[in-house]
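In: Compute the structure for the input listed below.
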Amino acid sequence: KKIKDLNIRIITYLDDEYPENLRHIDDSPIILYAKGNLIKEDKYAIAIVGSRNMTEYGKRITEIIASELASFRLSIVSGMARGIDTVSHKGALKAGGRSIAVLGSGIDNLYPPENTKLFESISNSGCVISEFPLGTPPNKENFPKRNRLISGLSLGVIVVEATINSGSLITANYAIQQNREVFAIPGNITSRNSEGTNALIKKGAKL
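Out: Residues are numbered from 1 along each chain as shown. Predicted structure coming up:
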């Protein structure tokens, strides 16, 4: 009843709408809860992730990259967290493109709450998804788990800003395990937010 009232759909692994890219990762979820629509063209997707505490440089670069990629009809995938994630979704929508948000909570338990309008915008022109049942709170342990879906939905992952212990690096590691491309935006060598991205470049991420 709650799923029906909230206009949420359940997509199973056996359904045609199940994302093609997700089928090919080792631990793809059997069920996805979705608000909005997934389309075949979403297989051409790029994830953009980064720091919640972004710098002005990170914000500006994310807006440019998300908008330009979306204008080339690539779907932009991110986690709707504060900071880089939020800017990447908004950049895609501003360019009239599609965006997919992957939540670390139940789809009826939006986090962060200030992204309610963004949630509605993405679900109207793209899709918000979660593997967690309705009512699941945004527990800390959920976010590393959901990061495998962000990379799994995508052809590659762009890390814009990240500290050396950032969750964005978890997403990058999942991308490597899933044979996805990893890209990193170089940053100011004196900035803590550049430690993670510069370390990725040092390890061979595409500049």
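In: State the phi and psi torsions of Glu181.
Out: The phi/psi pair for Glu181 (degrees, to the nearest 10) reads phi -80, psi 150.
In: how close does it get to Ala101?
Out: Distance, Glu181 to Ala101, using CB to CB, to the nearest Å: 21 Å. The C-beta positions use only the backbone N, C-alpha and C, and glycine is treated the same way.
In: These two: which is more packed in?
Out: Neighbour comparison, Glu181 and Ala101: the larger count goes to Ala101, with 30 against 15 (by other CB atoms under 10 Å).
In: Give me the three-state assignment for the more buried one.
Out: Three-state assignment for Ala101 (DSSP: H, G, I helix; E, B strand; the rest coil): strand.
In: for the one 10 residues further on, same thing?
Out: Assigned with three-state DSSP, Tyr111 falls in the coil class.
In: Quick check on the nearest residue to it once chain neighbours are set aside: phi, psi?
Out: For Tyr111, ignoring the flanking residues on the chain, the nearest one in space by CB to CB, 6 or more residues apart in numbering is Pro138 at 3.7 Å. For Pro138, the backbone dihedrals (degrees, to the nearest 10) come out as phi -80, psi 60.
In: my guess is Pro138 contacts Ser105, does it?
Out: Yes: taking contacts as CB atoms under 8 Å, Pro138 lies within contact range of Ser105: 4.0 Å.
In: okay, and the common contacts of those two?
Out: Counting by CB atoms under 8 Å, 6 or more residues apart in numbering, the contacts common to Pro138 and Ser105 are Tyr111.
In: circling back to that earlier point, I'd like to know how many residues surround the residue nearest to Tyr111.
Out: For Pro138, the count of nearby residues is 18 (other CB under 10 Å).
In: what's near enough to touch it?
Out: Here Pro138 is in contact with 103-105, 109, 111 (CB under 8 Å, 6+ apart).
In: what do you get for Ala162?
Out: 49-51, 168-169, 193, 195-197, 200.
In: what's the spacing between Ala81 and Tyr174?
Out: Using CB to CB, Ala81 is found at 16 Å from Tyr174.
In: Repeat that for Ile3.
Out: Using CB to CB, one obtains 28 Å as the distance from Ile3 to Tyr174.
In: Show me which of these two is the more surrounded one.
Out: Taking other CB under 10 Å, Ile3 and Tyr174 do not tie; Tyr174 has more neighbours (23 against 13).
In: State the mean pLDDT of the helix or strand harbouring the more buried one.
Out: Using DSSP states H and E, Tyr174 falls within helix 167-177. What helix 167-177 shows for mean pLDDT is 95.
In: Do I have it right that Ile122 meets Leu103?
Out: No: assessed by CB under 8 Å, Ile122 is found out of contact with Leu103, at 10.6 Å.
In: where do the contact lists of these two overlap?
Out: 80, 128.
In: The longest helix seen in the chain: how far from the chain's middle?
Out: With secondary structure taken from DSSP state H, the chain has its longest helix at helix 56-71. Relative to its parent chain, helix 56-71 has a centroid offset of 14 Å by CA atoms, centre = their mean, to the nearest Å.
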